[in-house]
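> just coords:
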């Protein structure tokens, strides 16, 4: 239908350059086929097609976002309540038993400890869509109970990084809301009370979220953050691999290939770097890393421009909250130190 506007814009051009650079780096690596095919660079364009497809659907039928929002709400409530049920009774509604590590719950995800990660991603999307609407009283009441449930479940899941992301997102959202401020702040206050109650009354959660985090900081030699020695060794290994070719890296999937030869200790996990920036540096060098850094600087620029305009006009610019909500969420999810 010749809708060229979907293709000829800065985002698509920037993305395509990044994709072609990754493919070129794979072809010039010491293991081109593995670098291209094994979750590698060759089919990375599928993300672009997905984004363009979603963009087209939303513009063609804006109501699809409302349907999606309701589905997200149901998923989050069901998953959260199921996680709470597993925490109380030791197994979830489908009979999945809580893992041996009694400080974690996984709910429907079985052996995979990703419950907190799932909630943090989905809550961000749901909230910036939900808060873009003029909420009725019943919808405000829903928000009042929704946030404590999902954040409380994230606490119980023991997933520290998703918990930090979720707290940052909820906090930053409050600065840019134009409408629905009172119910949002009320729900945040209630969420704070619930979260503190969980920390005070449930020793296993406090041990995982607070005590273990402090202990992990003490283990580190270089990074004063709650990663622990195991992750620090992975980060150092990633840097060592990147230093083999600091400008162009060793090629997509290089971390897995070179990890055994350059890892600090025999205990280092060689699946991936556990950090977007270090993974890019090790595999695509400083040139590949520049793509992500440029994108992150752009996000910061959008936020700062929004703040400056708000100060000048003494109010938040009238536009859907979802727009700034997307930027805030990406800013937090791509935060280099997490």
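Alright, I've got the coordinates. All of these numbers come straight from a predicted model, not from anything done at the bench.
> In the helix or strand where residue 76 lies, which residues are buried?
Element membership of residue 76, judged by DSSP states H and E, is helix 64-89. Of all the residues in helix 64-89, those buried under the rule 16 or more other C-beta atoms under 10 Å are 65, 68-69, 72-73, 76-77, 79-80, 82-84, 86-87. For glycine as for every other residue, the C-beta is placed from the backbone atoms N, C-alpha and C.
> just stretch 45-56 next, same as before
Buried, per 16+ other C-beta under 10 Å, within stretch 45-56: 48, 52.
> Offset the numbering so it begins at 38, please.
OK, 38 is where the count begins now, so the last one is stretch 82-93.
> Residues touching that stretch, excluding its own?
By C-beta atoms under 8 Å, 6 or more residues apart in numbering, the residues outside stretch 82-93 that reach it are 40, 43-44, 49, 52-53, 56.
> Generate a PyMOL selection restricted to the buried subset of the residues you listed.
Selection of buried members from those for PyMOL, criterion 16+ other C-beta under 10 Å:
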select buried, resi 52+56
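> list the helices and strands the helix or strand of the chain with the lowest mean pLDDT packs on?
The weakest-scoring helix or strand in the chain, judged by mean pLDDT, DSSP states H and E, is helix 249-256 (a mean of 78). Judged by 3 or more C-beta pairs under 8 Å, 6 or more residues apart in numbering; DSSP states H and E, helix 249-256 is in contact with helix 266-279.
> what's in contact with the helix it packs on?
The contact list for helix 266-279, computed with C-beta under 8 Å, 6+ apart, reads 253, 256-260, 264, 286-287, 291-292, 295-296, 299-302, 304-306, 310-312, 315-316, 318-320, 322.
> That helix vs helix 249-256, what angle?
Relative orientation of helix 266-279 versus helix 249-256 (axes from the mean of the first three to the mean of the last three C-alpha atoms, to 10 degrees): 50 degrees.
> returning to that earlier point: C-terminal to the helix holding residue 113, what's the next element?
Once the chain leaves helix 101-126, the next helix or strand it forms, by DSSP H and E, is helix 152-167.
> follow-up on the earlier one: so which of the contacts of stretch 82-93 comes closest to residue 368?
Closest to residue 368 out of the contacts of stretch 82-93 is residue 52 (18.5 Å), distances taken as C-beta to C-beta.
> List the buried residues for stretch 55-75?
Buried-residue list, stretch 55-75, by 16+ other C-beta under 10 Å: 55-56, 58-60, 62-63, 66, 68, 71-73.
> my bad, should have said stretch 358-365
Within stretch 358-365, the residues that count as buried by 16+ other C-beta under 10 Å are 358-359, 361-365.
> Helices - which of these land there?
Among those, the residues falling in helices (DSSP state H) are 358-359, 361-365.
> Past the host helix or strand of residue 61, which element shows up next along the chain?
Taking DSSP H and E as the definition, residue 61 sits inside helix 47-64. Next in sequence after helix 47-64, counting helices and strands by DSSP H and E, comes helix 69-74.
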